[in-house]
Structure formats: C-alpha cells, structure tokens
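K.L.:
only the shape, not the letters, is given here:
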C-alpha cells in the first residue's frame, strides 16, 4: 500500500528550523580536529614534509651559496647568506606541497566516499569546502613552524616579531595554495593523474618563483622568465612570508595572494557544483 | 503544505543523462512514511545515479525529489538534514575510533557536547555496537563497520534513511543481521527506508518494492505482489532477463 500522490506533494518549505549558526562553528572545529588527528596518526607524513625543505636548506643551499651572489634587497638590510634567503621560499614549499597533498587526499576521499559524507551534510557547500581548506592550512602552518624551529637551530634566526607576524602570512599563503589544490582535485578524476599535477603545477610554480632566487637575478638571464615569475601567485606568497619574517608588510604581495586565493576558491566551488556532477557513477 | 508527507520519500519524473547516455529515464515512485522500500535492480540499472541525485551529489534539471515533505532542489539543506545516508563505499575514517567517527559526523550536523554524545550512545546501542565505541574502525570486521555507519546515519534523527547496497562484501550472517536491523528501524522507529540492492533475499514479502532496470521503473508494488506465487528471484530474473 502506498500513500496517494497528494499526500506526498513537496511544495512546502522546511517546517523545522535549520541548525543554528553555531553549527557552522561546530563543523569547522570538527573538520580541523579530524585533519589534526589524521596528521598526528601519520607521523611519516610529518617527517617527510620536514625532510624535503631541510634537504634543500642544508644540502642544496650549501652547495649553491658560492655560486650565487646576493645584493641587499628589501626586506634585508645587510648581506645575507643564501641559506637565509631561501628560508621563506622553503616555508612556501611546505605550503605548496601540503596544498597539493590535501588535493591528493581529496581525490582519494572522493573515491572512498568520505567526501560524499562531507558534501551531504546540511551545511552550505562553500562553507564545507572552506572548512576543509582551513583544516589543511592549519596542518601546513604547524609544519612550517617546525621547519623554522629547526632552521633556527642551524643558526638561521629571524627577528622574534617575525615569528609572530609570519603566522597570518602563512595562513593566507596556505589558503591560496590549498584553494588551488581543491580546484585541481575537482578536475583531476583519478589518483594516477597526480604525477601530472606534480610535473605541471608544483615544479613550475616552485622554480618559476622568487623562492630560490630573487627576481633581479632571474632578469639577468631572461626577461620573459622574470615576468612569468612576477605573475606567479606563489612568488607573492613567498614574498609575503619573507617580509613578514622580517616584521615588514608587503601590501602588493598580500593583494596578489588574496586575489589568487579568491580566484582559485571560486574555481574550486565551480568544480564541486552538484550540477556539474563531481561523482562518476555507474550502476 | 506537507500533509502526511512527514517522513516519506517522493521521486517524480526524474531523468538524468551522462553525456549521451541516459542513466535514468522518467523515474517516479513514492515511499510512505515508516515503510521499508527495496530498490531492486541489476548492476547498471541506475541505482547509484539515483542515490547520487537523492543525496544531491549531483543535480538534474528534470524531475522532483521530496524528502519528508521538503523539496530537495528548493531547500537542499533542510532536505539533507532529514536524510540519513549509508553509502556503498566505506566512509569510516579507519584511523579514528568508532566514537570519534560518530562525533565527527555529529559535528557536521551541527551537534556537539552532551547532546551529541547522548545521541551517539543511543544510536550505537540501537545497532548493538555500544561496547565497541572505543575501538579503532580499522579493527572492526566488515559487518561491524557497516553497523557503525548505520548508527552514524541515525544520529541526527533523520526521517528518511537511504542505503546504497549496504551489504556488499559481507558474509551471509552479517548480511541477514543488517537486513533485519534496518527492517526493525522502519517498523520500530517509523523511519522511511530506501534500500538499494541486487539481492532478492534481502527483500521481505511485505516490503514495498521498486524494480529498476536500464534506468526505468519496471515494477512498483509490494514484494509479495510482484513475485506472485513464484519466488521473488524468479520473478526478478524473468522481468529483467526478458529486457536484457
């Protein structure tokens, strides 16, 4: 026996109130806590994420020091060693790899189903994706601070105020790169394609930026490469971090990073629009 | 207005295509409040597409979906709040405990603190999983993982419970157990259940039955009426085999 069609008409709106606004805060906390618990459960991931920039700092920079002469450019007020120069860039590298790693985990999540769980909860989708971004960024920031602490042990000490002021810079940079990862994850349909992301996103973004060499140095070899570096949002995230580490503010870098974050965020939101169909369904 | 639709499920003239392939073709059926409805169909019938549409992972410009009297397209958040879902893919975080998994889900529904804990305890108790709350999901067997997922889907007190082939990969005993548990949820709690499956032994004679094949509804009645004096398996094979 079934109910008549009239009984099941659905013209009415919701007759019970939706969860209160505190629900937004509750879900943000839960998503961040889950990411943190997963992170703590995967120590190897933490060490791997630390080893990468440390190898660059302690091996690559040491070998490269002699080859590269650096002049005094803002925010530096004196001659600096090459190791000192690349510390902010390596903080950016941590954010970049983490942003992409969370995109990998999202592709995986989507295949295993926990992304479905997230997206079917009764919160606005843009908010759920923002929570996911903030959670990933918090993990990146923890790693960046662990790296800065180890760098300080090797004598690469920043002004104390820099360690505080770099926090918002890392946050904005992390959100921007996380949003890029999120956007990519909505378009990369299979895990196998992640190698492509590595080749076509991570490496160009990192090498075509001011992370390893200042832009004027790049200009000496090629004007075009320098111009590409100048529009690369990663350059601006790195410069934002670099200035913040020396307790200085770089408004232009902040603007670029925020604009890029909004752009990537919008792209991610479009990518996860249910009308586009983010799931491949069979059966 | 919502009338007696409180708790029911409505699907009307729903179609969906992936490119040129028509996955669902003008599907309509209703499940009255408190009924267990089996959605029976062979692989490729369109069950997963229907579930993706019902849970709003994808949307379709054609057709209407009503969850407990709420239009999914017009009020997606209110409709999702009244829906519990058990996906075909496992969705537990294996590195977290049963309890942590459920607390995470409760928070996604906006529930926290003592209220969330009380509901989690009640849901685990209902599924006979109370003593496993502290175990890592990784250490549970397939049947217990599924039960945890069903318990989780009840925390926010939904009116409609959707399960997409929830017994895939389970042994016969676990399958029978979970099938019975969910039938009980419909009869004891008045929950409207839509249970997608391709296995006829999970369907009881008094259940509502919708047979889906190649994106179309072949039968819409009770299981007893569809099978007649034959076993349901035979009736199902005759129905879908003839069309294959």
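P.N.:
Structure's in. What do you need? Keep in mind that this is a model prediction, so the values were computed, not measured.
K.L.:
drop to CA atoms for contacts and neighbour counts, all remaining ones
P.N.:
Fine.
K.L.:
okay, now the unreliable bits of chain A?
P.N.:
A:1-21, A:66-71, A:104, A:109-112, A:189-194, A:277-283 (pLDDT under 70).
K.L.:
give me that answer again for 80
P.N.:
Scanning chain A for pLDDT under 80 picks out A:1-21, A:40-43, A:45, A:62-74, A:77-79, A:102-115, A:186-199, A:274-283.
K.L.:
where do the helices of it begin and end?
P.N.:
For chain A, the helices defined by DSSP state H occupy A:22-41, A:43-55, A:61-64, A:82-112, A:114-119, A:125-153, A:160-187, A:194-197, A:203-207, A:215-221, A:223-231, A:233-245, A:251-271.
K.L.:
so which of those is the most packed in?
P.N.:
Highest mean neighbour count of the helices of chain A: helix A:233-245, a mean of 28 (counted as mean count of other C-alpha atoms under 10 Å in any protein chain shown).
K.L.:
got the angle between that helix and helix A:251-271?
P.N.:
Relative orientation of helix A:233-245 and helix A:251-271, computed by axes from the mean of the first three to the mean of the last three C-alpha atoms, to 10 degrees: 130 degrees.
K.L.:
before we move on, the earlier item: I'd like the helices of chain A laid out as TSV, including distance to residue B:23.
P.N.:
Output for the helices of chain A, formatted as TSV (distance: least, C-alpha to C-alpha, whole Å):
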stretch	distance to residue B:23
helix A:22-41	34
helix A:43-55	41
helix A:61-64	57
helix A:82-112	20
helix A:114-119	20
helix A:125-153	25
helix A:160-187	22
helix A:194-197	29
helix A:203-207	40
helix A:215-221	53
helix A:223-231	44
helix A:233-245	41
helix A:251-271	22
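K.L.:
looking at those, spot the one closest to chain B.
P.N.:
Nearest to chain B among the helices of chain A is helix A:22-41; the distance by C-alpha to the nearest C-alpha comes to 3.9 Å.
K.L.:
now do that closest one: everything it contacts.
P.N.:
A:45-46, A:123, A:127-128, A:131-132, A:134-136, A:138-139, B:95-96, B:104, B:107-112 (C-alpha atoms under 8 Å, 6 or more residues apart in numbering or on different chains).
K.L.:
try it again with 10 Å
P.N.:
For helix A:22-41, contacts defined as C-alpha atoms under 10 Å, 6 or more residues apart in numbering or on different chains pick out A:42, A:45-46, A:102, A:118, A:121-124, A:127-139, A:142, B:93-96, B:100-101, B:103-113.
K.L.:
cool, and stretch B:176-184?
P.N.:
Residues outside stretch B:176-184 that contact it (C-alpha under 10 Å, 6+ apart): B:35-37, B:126-128, B:143-144, B:146-147, B:150, B:161, B:163, B:166-167, B:170, B:173-175, B:188-193, B:195, B:201-204, B:207.
K.L.:
near chain A, from those?
P.N.:
Residues of the contacts of stretch B:176-184 in contact with chain A (C-alpha under 10 Å from any C-alpha of the partner chain): B:35, B:207.
K.L.:
return a PyMOL selection command for the buried portion of the contacts of stretch B:176-184.
P.N.:
The command below creates a PyMOL selection of those among the contacts of stretch B:176-184 that count as buried (16 or more other C-alpha atoms under 10 Å in any protein chain shown):
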select buried, chain B and resi 35+36+37+126+127+143+144+146+147+150+161+163+166+167+170+174+175+190+191+192+193+195+202+203+204+207
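K.L.:
where does chain B get nearest to chain A, residue-wise?
P.N.:
At 3.4 Å from chain A, residue B:44 is the closest residue in chain B, using C-alpha to the nearest C-alpha.
K.L.:
distance of that residue from residue A:113?
P.N.:
Residue B:44 sits 19 Å away from residue A:113, taking C-alpha to C-alpha, to the nearest Å as the criterion.
K.L.:
could I get the full set of helices for chain B?
P.N.:
B:47-54, B:76-81, B:98-108, B:113-126, B:142-154, B:172-189, B:223-227, B:232-243.
K.L.:
JSON lines for those helices, including mean pLDDT?
P.N.:
Output for these, formatted as JSON lines (pLDDT from 0 to 100):
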{"stretch": "helix B:47-54", "mean pLDDT": "92"}
{"stretch": "helix B:76-81", "mean pLDDT": "92"}
{"stretch": "helix B:98-108", "mean pLDDT": "93"}
{"stretch": "helix B:113-126", "mean pLDDT": "92"}
{"stretch": "helix B:142-154", "mean pLDDT": "93"}
{"stretch": "helix B:172-189", "mean pLDDT": "91"}
{"stretch": "helix B:223-227", "mean pLDDT": "89"}
{"stretch": "helix B:232-243", "mean pLDDT": "81"}
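K.L.:
okay if I get these as TSV plus distance to residue A:226?
P.N.:
Below are the helices of chain B laid out as TSV (distance: least, C-alpha to C-alpha, whole Å):
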stretch	distance to residue A:226
helix B:47-54	47
helix B:76-81	48
helix B:98-108	45
helix B:113-126	54
helix B:142-154	53
helix B:172-189	63
helix B:223-227	71
helix B:232-243	65
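K.L.:
tell me which of those helices lies nearest to residue B:23.
P.N.:
Nearest to residue B:23, of all the helices of chain B, is helix B:47-54, at 7.0 Å by C-alpha to C-alpha.
K.L.:
can you name every helix or strand that the closest one contacts?
P.N.:
Applying 3 or more C-alpha pairs under 10 Å, 6 or more residues apart in numbering or on different chains; DSSP states H and E, one finds that helix B:47-54 makes contact with strand B:9-18, strand B:21-31, strand B:64-67, strand B:83-86, strand B:160-164, strand B:192-197.
K.L.:
among these, which comes closest to residue A:168?
P.N.:
The closest of the helices and strands packed on helix B:47-54 to residue A:168 is strand B:83-86. By C-alpha to C-alpha, the value is 38.3 Å.
K.L.:
now do the same contact list for residue 88.
P.N.:
Defaulting to chain A. Residues near residue A:88 by C-alpha under 10 Å, 6+ apart: A:94, A:144, A:148, A:166, A:170, A:210-212, A:237-245.
K.L.:
wrong one, chain B
P.N.:
By C-alpha under 10 Å, 6+ apart, the residues touching residue B:88 are A:112-113, B:48, B:51, B:146, B:163-168, B:196.
K.L.:
hang on, the earlier thing: neighbour count winner among residue B:44 and residue A:113?
P.N.:
Shown here are residue B:44 and residue A:113; by other C-alpha atoms under 10 Å in any protein chain shown, residue A:113 has more neighbours (20 against 16).
K.L.:
neighbours around the residue nearest to that one when sequence neighbours are not counted, how many?
P.N.:
Once flanking residues are discounted, residue A:113 sits nearest to residue B:91: 5.1 Å by C-alpha to C-alpha, 6 or more residues apart in numbering or on different chains. For residue B:91, the count of nearby residues is 22 (other C-alpha under 10 Å).
K.L.:
circling back to that earlier point, quick check, nearest of the contacts of residue B:88 to residue B:7?
P.N.:
Nearest to residue B:7 among these is residue B:163, at 15.8 Å by C-alpha to C-alpha.
K.L.:
which residues does the closest one form a beta bridge with?
P.N.:
Note on residue B:163: beta-bridge partners residue B:86, residue B:195, judged by DSSP bridges.
K.L.:
tell me the confidence at it?
P.N.:
The model reports residue B:163 with a pLDDT of 95.
K.L.:
show the contacting residues for it.
P.N.:
Neighbours of residue B:163 in contact, by C-alpha under 10 Å, 6+ apart: B:38-39, B:51, B:84-88, B:150, B:153, B:182, B:193-197.
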